[in-house]
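In: the sequence and its predicted three-dimensional model are supplied below.
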Protein chains: 2
Amino acid sequence: MDRKQEILEAASKSFSLFGYKATTMEQVAKLANVGKGTIYTFFANKEILLQEIVLKMILEMKAEVEVEIDPTLPFRDNAHRVLMKILQFREVHQLYAKLVEEEKELRTPAVKIMLERVESEIVSYIAEKFDIAIGKKELRECDSELVAYLLYKAYIAFVADWGQTHEKELTEDQIASLFQNTIFRGLLP
Amino acid sequence: MDRKQEILEAASKSFSLFGYKATTMEQVAKLANVGKGTIYTFFANKEILLQEIVLKMILEMKAEVEVEIDPTLPFRDNAHRVLMKILQFREVHQLYAKLVEEEKELRTPAVKIMLERVESEIVSYIAEKFDIAIGKKELRECDSELVAYLLYKAYIAFVADWGQTHEKELTEDQIASLFQNTIFRGLLP
DNA sequence: AGATGACTGAAAATGTTTTCTGGTCAATTT
DNA sequence: AAATTGACCAGAAAACATTTTCAGTCATCT
């Protein structure tokens, strides 16, 4: 039985269930059936433990998102599907959701850092896709990093923020057509 | 000497200097050279006092922004100037800046509510300008409320958020050309 | 050599006392 | 009579004291 793996799984479960601050190393040790000291032979500290788990989650997210891409569809449709999938993952994936909540409520610094890491990873991923589409002349030349950031922040605004201050949530179709008619339209060659 | 005016000015100064939570009604009374009870003959409570001051600030902001509009310029240039002016106001105007800071650090509920009010006012203002431009066929038909919200959130993202996670700030020209080549381009007829 | 859990200091939670402050209202001034 | 005022109050918040928790270490054990 792989002790490192056991620890990762135990910690992942605990972080997902109780959040970063509320899971103790002792609890993780108990869940993983190891002594507390053993954890520290594999992971320098609690923060690094979280980091390794989040890195795994990013890979998982990429894999799930990649499935959404249908090469026969136009770029804008794939981009929309990918972004909606990412933001859905943010709400559905236990660990991600818990970390987002903890960052908003508790402002745990370690969590803030990890979420920034995830965000930067997402934006880079989208920027890559942009570069590919630009290479294929599906899109006009543009600063893919900036446009990716713009798209990500704009999607967050409508999927996560809008509901906070408005009575009726937007449907996915409304969001799709808004972006269709503004940003994606402006990006066509 | 207009007592109500005195109170408004004293409170405005104090809110700007110390924030909402840190200004006491007694302090405002002293600054305005009135008894504490007098304040309550003009304003139902502390929150209403803030509200009246913020409402004044919104008018001030509109007036300052309106000056930026040059009817000979294309819509996109005016929109950019207006949004940059608004976000600059947010940083430069003492009261606005203080309230933004207080909302981030202290999360005073009354302040949160007021800032939401200001935001909604800004978005409505931008939406109005969109409707006018759409009427003049300068822009394609679109849901002005949604597009205004998109623009506002996107500008905030680049002017306020980008610097938090990136080494080098963006220049105003970079921001202008990004929006030029994406959203505004997509909005042309 | 690798695993362990008792141990430690620092930080957080909890409990307790004191101070502060938004709002009221009877007394005072105009 | 109408407007103004500041002493007063209750509840909130700060300040302080005390206890508990927990990340990380390390001497001991297997």
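Out: Structure received.
In: how near is A:Val100 to A:Leu87?
Out: In this structure, A:Val100 and A:Leu87 are 11 Å apart, going by Cβ to Cβ, to the nearest Å. Yep, even glycine has a C-beta here, placed from its N, CA and C like the rest.
In: over to the most far-flung residue of chain A relative to its centre: give its phi and psi.
Out: Among the C-alpha atoms of chain A, the one farthest from their average position, using Cα atoms, centre = their mean, is that of A:Gly35, at 31.9 Å. Comment: the main-chain dihedrals of A:Gly35 come out as phi -80, psi 160, following degrees, to the nearest 10.
In: leaving out chain neighbours, which residue sits closest to it?
Out: The spatially closest residue to A:Gly35, leaving aside those adjacent along the chain, is A:Ala29, at 6.1 Å (Cβ to Cβ, 6 or more residues apart in numbering or on different chains).
In: ok, that neighbour - contacts?
Out: When contacts are counted by Cβ atoms under 8 Å, 6 or more residues apart in numbering or on different chains, A:Ala29 touches A:Ile7, A:Ala10, A:Gly35, A:Lys36, A:Thr38, A:Ile39.
In: what number of residues lie near the second one?
Out: In other words, A:Ala10. 20 (other Cβ atoms under 10 Å in any protein chain shown).
In: pLDDT (mean, whole number) over the longest helix seen in chain A?
Out: Using DSSP state H, we find that the single longest helix of chain A is helix A:109-135. Per-region confidence: helix A:109-135 scores 97 on mean pLDDT.
In: which of the residues in that helix are buried?
Out: A:110-111, A:114-115, A:118, A:121-123, A:125-127, A:129-130, A:133-134 (16 or more other Cβ atoms under 10 Å in any protein chain shown).
In: please apply the same query to stretch A:62-73.
Out: Of the residues in stretch A:62-73, those buried by neighbour count under the rule 16+ other Cβ under 10 Å are A:Val65.
In: for that stretch, measure first residue to last.
Out: Using Cα to Cα, to the nearest Å, the end-to-end distance of stretch A:62-73 comes to 19 Å.
In: next one: that stretch to chain centre, how far?
Out: Here stretch A:62-73 shows a centroid-to-chain-centroid distance of 16 Å under the convention Cα atoms, centre = their mean, to the nearest Å.
In: ok, A:Phe184 to DNA strand C distance?
Out: Shown here: A:Phe184 relative to DNA strand C, a distance of 45 Å by Cβ to the nearest atom of the strand, to the nearest Å.
In: got a list of what A:Ser120 touches?
Out: B:Thr165.
In: avg pLDDT for stretch A:153-164?
Out: Rounded to a whole number, the mean pLDDT of stretch A:153-164 is 97.
In: quick one: contacts of that stretch?
Out: The set of residues that contact stretch A:153-164 without belonging to it, under Cβ under 8 Å, 6+ apart, is A:83-84, A:87, A:90, A:169-170, A:175, A:178-179, A:183, B:149-150, B:153-154, B:157, B:161.
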